[in-house]
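S.K.: Sequence first, predicted coordinates after that:
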Amino acid sequence: MKVLAFDIWADYAHFRKFYTTSSPLTFSFPPPSAIAGILGAICGLDKNKNEYLKVFGGEMCKVALRILRPVRKVRVGINLLETKGTNFRLPMSDKNLAPHTQIRTEFIKNPAFRIYIAHQDPNIFNHLYKHIIEHKSIYTVSLGLSELLADFRYIGIYSLETKFEGKPAEINTPVTADNIIPDTLEIETGKKYFKEKLPVRMNHDRIVEKYDDVIFEPEGNTIKAQLKTYYTLENGDNIAFF
């Protein structure tokens with residue numbers, strides 16, 4: 001099995017946490033469903049029919065992610081205008097009647113990630129590879145919201161070596177809690193350790209089938225632990241798929 005790696009970055013990103021309502025908060029990095037949306041935009045898959053989840057969200061596809069820039073979050077007031085129902089008013093016709101509101105929204109500032117993808121269908125893998133290496137996308141690529149435009153660049157294709165329950169290893173990607181052998185996570189001086197509950201598996205009807213705690217180092221440093229399964233790339237990096 002081979003893995004395709006590419007970098008993606010933007011000025012801001014927002015991946016809304018499922019439990020927030022009036023003040024949207026963001027995950028620290030894109031969950032697998034958001035990565036599937038990014039890949040679907042590059043390949044031109046139909047979003048309305050959730051085709052991107054069928055192709056990049058199933059068992060045939062594996063994704064991992066590496067944090068390239070420290071995770072920094074800011075909160076910005078976003079002016080929203082109600083355009084549904086019978087209360088719609090043209091913004092310029094009567095400012096006093098315009099049904100608008102300001103929502104404090106959390107964003108990741110200057111995000112950059114390296115995405116690793118392995119797919120069992122060689123046609124899909126090669127199609128994605130062609131678009132990324134040529135820096136082409138069918139739909140506009142963004143990080144979470146359509147307004148948060150992103151850029152990307154090809155990094156490489158690497159062979160994988162599967163590792164099982166060996167010695168503690170330096171992992172370059174966030175790790176799901178159920179992949180860590182109990183009591184083997186090593187807390188190292190100078191590093192930070194965060195944990196967020198992410199939807200790690202979503203079916204093509206956009207129903208979350210699995211949530212899991214994901215442990216990561218927000219500065220982009222490695223995590224040292226003994227995992228049930230991880231993969232070593234030919235360049236020496238260790239990654240763990242979601």
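M.R.: Arrived safely.

S.K.: ok, Asp46 - contacts?
M.R.: Tyr52 (C-beta atoms under 8 Å, 6 or more residues apart in numbering). Just so you know, the C-beta spots here come from the backbone N, C-alpha and C atoms, and that holds for glycine as well.

S.K.: what do you get for Lys47?
M.R.: Contacts of Lys47 by C-beta under 8 Å, 6+ apart are Gly37, Gly40, Ala41, Tyr139.

S.K.: what does Phe152 give?
M.R.: Phe6, Asp7, Ile8, Trp9, Ile42, Ile132, His135, Ser137, Val141.

S.K.: Can you tell me the element the residue most central in space within the chain falls in?
M.R.: Central residue of the chain (C-alpha atoms, centre = their mean): Pro30, 2.0 Å from the mean position. Pro30 belongs to no helix or strand when assigned by DSSP states H and E.

S.K.: For it, report the pLDDT, please.
M.R.: For Pro30, the model assigns a pLDDT of 96.

S.K.: Now it: closest residue in space that isn't a chain neighbour?
M.R.: Phe15 (5.3 Å; C-beta to C-beta, 6 or more residues apart in numbering).

S.K.: Just list the residues touching that neighbour, thanks.
M.R.: Counting by C-beta under 8 Å, 6+ apart, Phe15 touches Thr26, Phe27, Phe29, Pro30, Pro31, Ala34, Ile108, Leu143, Gly144.

S.K.: circling back: my read is that the residue nearest to the centre of the chain contacts Ile38, right?
M.R.: Yes. In this structure Pro30 lies within contact range of Ile38 using C-beta atoms under 8 Å: 7.0 Å.

S.K.: can you pull out the helices in the chain?
M.R.: Along the chain, counting by DSSP state H, helices occupy 32-43, 51-56, 122-133.

S.K.: Next, the buried residues of stretch 175-187.
M.R.: Val175, Thr176, Asn179, Ile180, Leu185 (16 or more other C-beta atoms under 10 Å).
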